[in-house]
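Undergrad: sequence plus the predicted model coming up.
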Amino acid sequence: MKKSLLYGRSLRTQMILSFIALVLLTAAAGGLPAIWLIRSQLDRQAWAQVDQGNRTAFALYAAKQSEVANLATLTAQRPTLQTLLVQEDQTALTSYLGDLQAVAGFDMATVCASGGLVAAYPEETPFVHLCETKEPDGYYVLTEEEPPQVWLLASHAVGGDNTHSGRVIVGGALDNEFAMQMRAQTGLEHSLFVRGQPVATSFSRDIGFLATISRQPVDSPPTDLPKRDAFKLDGQPYYAARLSLDEDVLDAEVALAVGSIAATQRRLVLTLVASIVAVAGVASVLGTLLARRFSQPLVRLAESAATLSSGDLDQPVPAEAQVREVELVAHALDSARIDLQRTLAHLRKERDWGEHLLESIVEGIMTLDRLRQISFFSSGAERITGWTRDDVLGRHIDEVFKLTDEGTPFGQHIPLPGQKRIITVEVAGGRQATLAITGAKLPPSEADKAEEALVFRDVSEEEAINRLLGHFMSSVAHEFRTPLSALAASIELLLDQAPDLSAAELYELLTSLHLGVLGLQTLIDNLLESASIEARRFRVSPRPSDLAEIIAEAIQTMDPLLKKYGQRLVVELPTSIPLVLADHRRTAQVMVNLLSNASRHGPDDAEINIGVNVIADCVRVSVADRGPGIPAKRRDDVFRRFVRPGAEDETSKAGARLGLSVVKAIVDAHGGQVGVDDRPDGGAVFWFTLPLASHP
């Protein structure tokens, strides 16, 4: 009962206060940005005018400097001046400078001569000592005066730069009159400072006041704009900016009176605030009237809603009310309470069953929300990736799953609903896994915030086997297709034109047929040996054998192929070769494979060398070619199946990439060693060893 009274007394007040607060917040949300915008816009306009005046002043100073330089040039080139300087008539020269000033418009001129003659206008100018210094071009400050005087000077040799008769120094005074001219041209007040001390100003006051006014620094925007500050003079606010003319010595300042701008700001702000207050007052009165009308019937309904929100679904909602709409809401709320009880019981069963099902699935399942952050991670997903739920929940999918061979994020490779995609990613511990992924879109009502579900399984081993089988089948098919095509073409030519062919042409065709059969025979032998090795049924039968006969048999087998490509075979055998313990047929196969490899990867018309050396208790046989050689990083894999022995960019004549693996298997079965070295003058040297049949 006490709780009911509390809600009955406070609901109306809360509604009234909430409505008033909403109105005030709405008015503030619209009014405060407008006030801020008005103030900031007017301030920006004022500072923009100051910055524009500053840039204009900079341009005017540059123009003034150019003007003084031009005056110095024109003055120095006057013939009369040159004549008077040669005559060393100082009085006439000073008089001439005075007459010239009236025409040219400079404030000061000094003529320096190599003989020591100095003439100046006006005569009392303090710049005669400049003749003893370097050319005084630019800004010049006379610190002996009080306040210091600032001049803009330029010098030029009389008669041109190639003469040495003297030079002219021309200058313009940067004084109050000059500051007044700058104000007229920029529309802003103008002042000059020497090391912070004012020396000239356009204000109609004694210059000393500039050193006494209080300035307030203003933060400049992150650009190359000059230093800003604000100050007041006779109650009038000013915005000012300084421009450095001569490093830290000479500064120029432009100032804008902003009193009218501030007054405009105040009027606009007051008008806007008054409007906001009036609107808020009217809206608050209306809100109070509405709150009084609707607050009483809602008290009991609010109590019932609070009971339901606390989780008590057994307490019925009272339906008696004086307001029909509230009564309908009460009936609907009670019906919702009953339906909610039933739904919760059903959802609990469904949840328990779903959790048990997900835990039993081997495949990984995860769901993503609308931001593609992981919201669910099944036990199967933990087993496949090695990550736990705590490692991934709430993290973005691209941050967790990183592709190993793609420059794009994982999210761009998620398949469309109903499709599957194979993706290789990096999982826990830096391990790479190939995943088969399917995706599905989820409506929000099915999985809270989840919008996308992914199901994946690890197919790394399957993909590796498929790739290996594909490479193997492609190589074998190519190796069979090439010689069979050549055989078919030769046989067809024999069938069609045999009576018309000469003996040489018949011999060439038969040689081509023989080479094709030889290539197929070698390929089939390697395939059979490779299959036997893979099935672990590979055996050798070593017995004392003549190595020279084995080499001769291999040479006889390969001779047609070598002649076809114009390759020369050089055999270097010792005078006496002891018997070796070897399987004659398989050792001959080793030699055939090495010679075939040397022919295939060597150029036409090249030389292939066979060498035999007796080393301790074994014989070392080597086959050296003139091919591109074997890169050092590939020598460990060169005797593996399906690996080309040459460089990565080499285009060989043929090869299923089985021969060298068969060579290694045969030599290993004999207890020997096999390897490859660089040939000093280019190419590769493949070698193997065989044990001697008998040794001391």
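TA: Thanks, I have it. Residues are numbered from 1 along each chain as shown.
Undergrad: skipping adjacent residues, who's closest to His190 in space?
TA: Met182 (3.9 Å; CB to CB, 6 or more residues apart in numbering). In this view, the C-beta of every residue, glycine as well, is placed from N, C-alpha and C.
Undergrad: quick one: average confidence on the helix or strand encompassing that neighbour?
TA: Met182 is located in helix 176-186, with elements delineated by DSSP states H and E. In this model, helix 176-186 has a mean pLDDT of 90.
Undergrad: neighbouring contacts of the very next helix or strand once past it?
TA: Using DSSP H and E, the helix or strand that follows helix 176-186 in sequence is strand 189-194. Strand 189-194 has contacts (CB atoms under 8 Å, 6 or more residues apart in numbering) with 57, 141, 143, 147-148, 150, 174, 179-180, 182-183, 198-203, 210, 238, 242, 249-257.
Undergrad: partners of whichever helix or strand comes after strand 189-194, with directions?
TA: Using DSSP H and E, the helix or strand that follows strand 189-194 in sequence is strand 197-201. Taking DSSP bridges as the criterion, strand 197-201 forms sheet pairs with strand 189-194 (antiparallel).
Undergrad: in the partner strand, what's buried?
TA: Glu189, His190, Ser191, Leu192, Phe193, Val194 (16 or more other CB atoms under 10 Å).
Undergrad: can you check stretch 401-416 too?
TA: By 16+ other CB under 10 Å, the buried positions in stretch 401-416 come out as Phe401, Leu403, Pro409, Phe410, Ile414, Pro415.
Undergrad: just these now: which is nearest Arg620?
TA: For the buried residues of stretch 401-416, the residue nearest Arg620 by CB to CB is Leu403; the value is 47.9 Å.
Undergrad: report the beta-bridge partners for the closest one.
TA: In beta-bridge terms (that is, DSSP bridges), Leu403 pairs with Val425.
Undergrad: I'd say it and Val427 touch.
TA: No: at 11.7 Å, Leu403 and Val427 do not qualify as touching, with contact defined as CB atoms under 8 Å.
Undergrad: quick one on the thing from earlier: buried sites along the helix holding Met182?
TA: By neighbour count with 16+ other CB under 10 Å, helix 176-186 contains the buried residues Asn176, Phe178, Ala179, Met180, Met182, Arg183, Thr186.
Undergrad: likewise stretch 331-351?
TA: Within stretch 331-351, the residues scored as buried using 16+ other CB under 10 Å are Leu333, Asp334, Arg337.
Undergrad: of all those, which comes closest to Ala436?
TA: Ranked by distance to Ala436 (CB to CB), those are led by Arg337 at 46.7 Å.
Undergrad: quick check: pLDDT value at the closest one.
TA: So Arg337 comes in at 74 (pLDDT).
Undergrad: I'd like the next helix or strand past the host helix or strand of it.
TA: In the assignment (DSSP H and E), Arg337 maps to helix 324-360. Scanning forward in sequence from helix 324-360 by DSSP H and E, the next helix or strand is strand 364-369.
Undergrad: residues in contact with that following strand?
TA: The contact list for strand 364-369 (CB under 8 Å, 6+ apart) reads 358, 374-378, 380-385, 392, 397, 435, 442, 447, 449-457.
Undergrad: rewinding a little: now the buried residues of stretch 331-351 in TSV, with distance to Val590?
TA: Compiled in TSV, the buried residues of stretch 331-351 are given as follows (distance: CB to CB, whole Å):
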residue	distance to Val590
Leu333	91
Asp334	93
Arg337	89
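Undergrad: closest to the centroid, which residue in this protein?
TA: Nearest residue to the geometric centre of the chain (CA atoms, centre = their mean): Gly407, 11.3 Å.
Undergrad: quick one, what contacts the residue nearest to Lys420 when sequence neighbours are not counted?
TA: Counting by CB to CB, 6+ apart, Lys420 lies nearest to Thr438, which is 5.0 Å off, once chain neighbours are set aside. Shown in contact with Thr438 (CB under 8 Å, 6+ apart): Pro415, Gly418, Gln419, Lys420, Leu454, Val455, Phe456.
Undergrad: follow-up on the earlier one: let me know the closest of the buried residues of helix 176-186 to Leu690.
TA: Distances from Leu690 to the buried residues of helix 176-186, taken as CB to CB, are shortest for Thr186 (100.5 Å).
Undergrad: what pLDDT does the model give the closest residue to His601 other than its chain neighbours?
TA: Nearest residue to His601, sequence neighbours excluded (CB to CB, 6+ apart): Gly627, at 3.8 Å. On pLDDT, Gly627 comes in at 87.
Undergrad: phi first, then psi, for Gly627.
TA: Here is the backbone geometry of Gly627 (degrees, to the nearest 10): phi -80, psi -170.
Undergrad: hang on, the earlier thing: now the helix or strand hosting the residue nearest to Lys420: average pLDDT?
TA: Element membership for Thr438 (DSSP H and E) is strand 432-441. The pLDDT scores in strand 432-441 average 84.
Undergrad: repeat that for stretch 574-591.
TA: Averaging pLDDT along stretch 574-591 gives 88.
Undergrad: low-confidence ranges, the stretch 301-450 of the chain, go.
TA: 302, 311, 313, 318-326, 354-360, 406, 444-450 (pLDDT under 70).
Undergrad: now the strands for the stretch 1-150 of the chain?
TA: 108-113, 118-121, 138-142, 149-157 (DSSP state E, counting those that start in this stretch).
Undergrad: orientation of the longest helix seen in the chain relative to strand 108-113 in degrees?
TA: Using DSSP state H to assign secondary structure, the helix with the most residues in the chain is helix 2-76. Relative orientation of helix 2-76 versus strand 108-113 (axes from the mean of the first three to the mean of the last three CA atoms, to 10 degrees): 50 degrees.
Undergrad: and helix 2-76, what does it pack onto?
TA: Where contact means 3 or more CB pairs under 8 Å, 6 or more residues apart in numbering; DSSP states H and E, helix 2-76 is packed against helix 90-104, strand 149-157, strand 166-173, helix 176-186, strand 236-246, strand 250-257, helix 259-294, helix 298-309.
Undergrad: got the angle for that helix vs helix 176-186?
TA: Per the same axes, to 10 degrees, the angle that helix 2-76 makes with helix 176-186 is 120 degrees.
Undergrad: per-residue confidence averaged over helix 2-76?
TA: Mean predicted confidence for helix 2-76 is 77.
Undergrad: one more: stretch 89-104?
TA: Rounded mean pLDDT across stretch 89-104 is 82.
Undergrad: who touches it?
TA: 71, 74-75, 78, 80-81, 84-85, 107, 109, 111, 117-123, 170.
Undergrad: give me the buried subset of these.
TA: 71, 75, 78, 81, 84-85, 107, 109, 111, 117-121, 170.
Undergrad: show me how this protein divides into domains.
TA: Following automatic domain parsing, one finds the domains of the chain at 77-173, 303-351, 361-457, 531-691.
Undergrad: could I get these as a markdown table with distance to Leu501?
TA: As requested, these are exported to a markdown table (distance: least, CB to CB, whole Å):
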| stretch | distance to Leu501 |
| --- | --- |
| domain 77-173 | 95 |
| domain 303-351 | 85 |
| domain 361-457 | 55 |
| domain 531-691 | 19 |
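Undergrad: Ala62 is nearest to which of those domains?
TA: Among these, domain 77-173 sits nearest to Ala62 (CB to CB), with 10.8 Å.
Undergrad: so for that closest one, first residue to last residue, what's the gap.
TA: 23 Å (CA to CA, to the nearest Å).
Undergrad: show me how far it is from its chain's centre.
TA: Relative to its chain's centre, domain 77-173 lies at 61 Å (CA atoms, centre = their mean, to the nearest Å).
Undergrad: now do stretch 169-177
TA: Centroid separation for stretch 169-177 versus its chain: 55 Å, with CA atoms, centre = their mean.
Undergrad: from now on call the first residue 58
TA: Right, with 58 as the first residue, what we last looked at is stretch 226-234.
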